[in-house]
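Undergrad: Give me a model of this one.
(4 chains)
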2 protein chains.
Amino acid sequence: MLKSGLSAVYGGLKSNVTSVVYQRKAIVEDQDSCIIHHFSHYCVLTKEEKALLDELEENPTEVKAGEALWEENDAAEDFCTLRSGWAYSYRYLENGSRQILEIFLPGDIIGLREFAFSRRLAGVRMIEDGVICCFPHHRIMALFRQSLTLTAVMFAIASRQQVLMTERLVNIARRSARKKMAHFLLEMHQRLRQTGTGSGCNLRLPLSQELLADLLGLSSVHVSRTFTTLSREGLVHRDRYDVVIPNLEALVGEAEFDDRYLVDNLRPLFRAE
Amino acid sequence: MLKSGLSAVYGGLKSNVTSVVYQRKAIVEDQDSCIIHHFSHYCVLTKEEKALLDELEENPTEVKAGEALWEENDAAEDFCTLRSGWAYSYRYLENGSRQILEIFLPGDIIGLREFAFSRRLAGVRMIEDGVICCFPHHRIMALFRQSLTLTAVMFAIASRQQVLMTERLVNIARRSARKKMAHFLLEMHQRLRQTGTGSGCNLRLPLSQELLADLLGLSSVHVSRTFTTLSREGLVHRDRYDVVIPNLEALVGEAEFDDRYLVDNLRPLFRAE
DNA sequence: CGTTGTATTGAACGGCCTCAAGGTTGGTGG
DNA sequence: CCACCAACCTTGAGGCCGTTCAATACAACG
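TA: Predicted coordinates for the structure are as follows:
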């Protein structure tokens, strides 16, 4: 019944599990932090602000594909930045079905959902091997205290996450299977371009069809069928995890895709106010 | 094609419309602000903090049922607190269908979604006559600057809104029509109890079946059918806008309703950190 | 008393699901 | 190097849940 390859705990009943993230050996890396890159997208940062953000990433740990950062109902004690690799959040229902809520890409912050809660409302797992950096709740409070700009950007990031979820809601609730898939592919295409990972008309999408199904509210069987249909019509070509969109405009039209929710029409400058 | 009784602008093309909210006569009220009540739910507030919150409500205006606070794609210039009346946010799709995203109750803050955006991503309309208070973007920044506690609570409120939307997503994506409706009724029941409006096992739910359909991703025909089914089984009785839940536990079981996402397992004290 | 928005009920259709069987791919160990 | 296995994907057949269309009833309000 459980779809994940690991010891997924249905309903989150495994209560006294501390976050696995602290049980791993710390590793050291010195690349340019991609969380700074992420924040810089909203606002020009001072040296001090960059230093504050760097503090969030003091504690990098490696995580393997499929590994859980936490399960539903675990104690919610800290947040994570995702330094490399993809992750997703999910919820299991009583009937055993799973809904995937969000896909996290490098630079994203994980766990903001539970800012006001003491227990996790959704689990999070890695899609591929990666590196995360955990920081406790009070670090965010310190950040609020020390930088108005970072406070605003943090709020902006939370707002953007909500907007992504809103669009997923609309997608799931109101579109046909082929539109759902077309729309999702375009969303990922755009997001990957924004993080600098994306190239032209092709993208690497390391998601199984089962995961896609759980994300889009479909069955994996129907995901497969829809892919073959889209492929037959020349809208999307897929080979394992490599996706090619030969005609972007055609797919945009097919999905009725409007990227305004992604382009961050961001308000000019927090700092001026 | 347009379902709303007013001049809903499909696709939000009415570009140069300033928010109607400023075109109405200001009225004066002196009741205890329900936004303070809302914030107090998360944290004990000092006099100064209450004063700051009061400033957000300097500008109360009356709005009539059905009236739009803004349309999709309008300029996003300010936020609103909802002082009385219900409101909802929505999106129209190209095929003319509408998805309702959230139901706002008195004390809620409207417009946080667009914190990082310069244009509205969703429209907002009143369900009943009410009073709103608009305040510009820089007021939130001032609040961030002046009170760490209020900053944290504002973040908590945004986080809670996201959690509500998450649950709606799961509800729409993964449950049968009868579970969707049962679940939604229980959610509203709980929320109304939290705002102090709710009594025992009955609630006033001023939502047409068409609105419910657009909220739950169903057709209004099927909402009607499902209501009659639930009623025949004695799970829910409905007379116009009055809903009675004769056996709460039975309905909870039917919906597999878990209220953890609503009870704000809130982290003890922001202030201490 | 007509009008307009809202709710009910029936009949027929269809998109997506479930079940099931087979095919493909990549990794592992003999 | 090949055999085997596990995970993943594909394809078919049949069925169900919810939709659409349409007709009727009901309520509030001028």
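Undergrad: List the residues that contact the closest residue to residue A:216 other than its chain neighbours.
TA: Once flanking residues are discounted, residue A:216 sits nearest to residue A:180: 4.7 Å by CB to CB, 6 or more residues apart in numbering or on different chains. In short, each C-beta sits where N, CA and C put it, glycine included. If a contact means CB atoms under 8 Å, 6 or more residues apart in numbering or on different chains, then residue A:180 has A:171-172, A:216-218 as its contacts.
Undergrad: Just give me the closest of those to residue A:260.
TA: When the contacts of residue A:180 are compared for distance to residue A:260 (CB to CB), residue A:171 comes out closest, at 14.5 Å.
Undergrad: residue boundaries of the strands in chain A?
TA: All strands of chain A, identified by DSSP state E, fall at A:60-63, A:68-70, A:78-84, A:87-92, A:98-104, A:109-110, A:123-126, A:130-136, A:202-204, A:237-239, A:242-244.
Undergrad: middle-most residue in chain A, spatially?
TA: Relative to the mean C-alpha position of chain A, the nearest C-alpha, by CA atoms, centre = their mean, is the one of residue A:104, at 1.6 Å.
Undergrad: give the contact list for the closest residue to DNA strand C within the stretch 151-273 of chain A.
TA: Proximity of the stretch 151-273 of chain A to DNA strand C (CB to the nearest atom of the strand) peaks at residue A:222, 2.9 Å away. Contacts were defined as CB under 8 Å, 6+ apart; by that measure residue A:222 touches A:177, A:213.
Undergrad: what about the closest residue to residue A:163 other than its chain neighbours, how many residues close to it?
TA: Counting by CB to CB, 6+ apart, the nearest residue to residue A:163 once its immediate chain neighbours are dropped is residue A:261, at 5.1 Å. Counted with other CB atoms under 10 Å in any protein chain shown, the neighbours of residue A:261 add up to 20.
Undergrad: next one: residue A:44
TA: By the measure other CB under 10 Å, the count of residues near residue A:44 is 11.
Undergrad: Is residue A:123 bridged to anything, and to what?
TA: When bridges are taken as DSSP bridges, the partners of residue A:123 come out as residue A:90.
Undergrad: now it: how far from residue A:133?
TA: 19 Å (CB to CB, to the nearest Å).
Undergrad: gap between the residue nearest to residue A:216 and residue B:72?
TA: Counting by CB to CB - residue A:180 and residue B:72 are separated by 21 Å.
Undergrad: One more: residue A:51?
TA: Taken as CB to CB, the spacing of residue A:51 relative to residue B:72 amounts to 40 Å.
Undergrad: between these two, which one's more packed in?
TA: Ranked by neighbour count (other CB under 10 Å), residue A:51 and residue B:72 place residue B:72 first, with 23 against 12.
Undergrad: ok, whatever residue of the stretch 1-150 of chain A ends up closest to DNA strand C - contacts?
TA: In the stretch 1-150 of chain A, the residue that lies nearest DNA strand C is residue A:97 (7.1 Å; CB to the nearest atom of the strand). By CB under 8 Å, 6+ apart, the contact set of residue A:97 is A:214, B:174.
Undergrad: one step back: select only the buried ones of the contacts of residue A:180 in ChimeraX?
TA: Only the buried members of these end up in this ChimeraX selection, burial being decided by 16 or more other CB atoms under 10 Å in any protein chain shown:
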select /A:171,172,216,217,218
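Undergrad: what are the bridge partners for residue A:244, then?
TA: In this structure, residue A:244 has beta-bridge partners residue A:202, residue A:237, where bridges are defined by DSSP bridges.
Undergrad: if I look at it, how far off is DNA strand D?
TA: Residue A:244 is 14 Å from DNA strand D, where distance means CB to the nearest atom of the strand, to the nearest Å.
Undergrad: Same question for residue A:229.
TA: From residue A:229 across to DNA strand D, the span is 9 Å (CB to the nearest atom of the strand).
Undergrad: Pretty sure that residue sits against residue A:177.
TA: No: look at residue A:229 against residue A:177 with CB atoms under 8 Å: they stay out of range, at 9.0 Å.
Undergrad: Those two: which has the busier surroundings?
TA: Between residue A:229 and residue A:177, residue A:177 has the larger neighbour count (other CB under 10 Å), namely 18 against 14.
Undergrad: Isn't the more buried one up against residue A:218?
TA: Yes: if you go by CB under 8 Å, residue A:177 and residue A:218 touch, sitting 5.6 Å apart.
Undergrad: who touches both of those two?
TA: residue A:226.
Undergrad: for the longest helix anywhere in chain A, which positions count as buried?
TA: Longest among the helix segments of chain A by residue count, using DSSP state H, is helix A:148-174. The neighbour-count criterion (16+ other CB under 10 Å) identifies A:148-174 as the buried residues of helix A:148-174.
Undergrad: and the residue lying closest to residue A:177 once chain neighbours are set aside, what is it in contact with?
TA: Across the structure, with CB to CB, 6+ apart as the measure, the residue nearest residue A:177 apart from its sequence neighbours is residue A:226 (4.9 Å). Shown here is residue A:226, whose contacts under the criterion CB under 8 Å, 6+ apart are A:177-178, A:181, A:218.
Undergrad: List, one by one, the residues from chain A near DNA strand D.
TA: When proximity is defined by CB under 7 Å from any atom of the strand, chain A lies next to DNA strand D at A:5, A:208-210, A:220-221, A:224-225, A:227-228.
Undergrad: Which two of those residues have the greatest separation?
TA: A:5 and A:228 (25.3 Å).
Undergrad: tell me the domain boundaries of chain A?
TA: Taking automatic domain parsing as the domain assignment, the record places the domains of chain A at A:12-166, A:176-255.
Undergrad: Select from those domains the stretch with the lowest mean pLDDT.
TA: Across the domains of chain A, domain A:12-166 has the smallest mean pLDDT, namely a mean of 86.
Undergrad: How far off centre is that one?
TA: The gap between where domain A:12-166 is centred and where its chain is centred comes out at 9 Å by CA atoms, centre = their mean, to the nearest Å.
Undergrad: same thing with stretch A:203-215?
TA: 13 Å.
Undergrad: returning to that earlier point: closest to chain B out of the contacts of residue A:180?
TA: For the contacts of residue A:180, the minimum distance to chain B (CB to the nearest CB) is 3.8 Å, reached by residue A:217.
Undergrad: contacting residues for the closest one?
TA: A:99, A:172, A:180, B:172-174.
Undergrad: Dump the residues you listed into a markdown table; add distance to residue B:129 as well.
TA: Supplementary listing: the contacts of residue A:217 in a markdown table, determined by distance: CB to CB, whole Å:
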| residue | distance to residue B:129 |
| --- | --- |
| A:99 | 37 |
| A:172 | 33 |
| A:180 | 38 |
| B:172 | 29 |
| B:173 | 34 |
| B:174 | 36 |
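Undergrad: which pair in those residues spans the largest distance?
TA: The largest separation in the contacts of residue A:217, counting by CB to CB, is between A:180 and B:174 at 14.4 Å.
Undergrad: Now do the longest helix of chain A and strand B:98-104, the angle between them.
TA: Helix A:148-174 and strand B:98-104 are oriented at 130 degrees to each other (axes from the mean of the first three to the mean of the last three CA atoms, to 10 degrees).
Undergrad: ok so, going back, export the contacts of residue A:180 to TSV and tack on distance to residue B:87?
TA: Converted to TSV, the contacts of residue A:180 look like this (distance: CB to CB, whole Å):
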residue	distance to residue B:87
A:171	24
A:172	23
A:216	29
A:217	27
A:218	32
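Undergrad: So which bits of the stretch 151-273 of chain A are right by chain B?
TA: Where the stretch 151-273 of chain A comes near chain B, counting by CB under 8 Å from any CB of the partner chain, the residues are A:151-152, A:154-163, A:165-166, A:168-170, A:172-175, A:217, A:256, A:260-261, A:264-267, A:270, A:273.
Undergrad: Go again with 6 Å.
TA: Taking CB under 6 Å from any CB of the partner chain as the measure of proximity, the stretch 151-273 of chain A contacts chain B at A:151, A:155-156, A:158-160, A:162, A:165-166, A:169-170, A:172-174, A:217, A:256, A:261, A:265-267, A:273.
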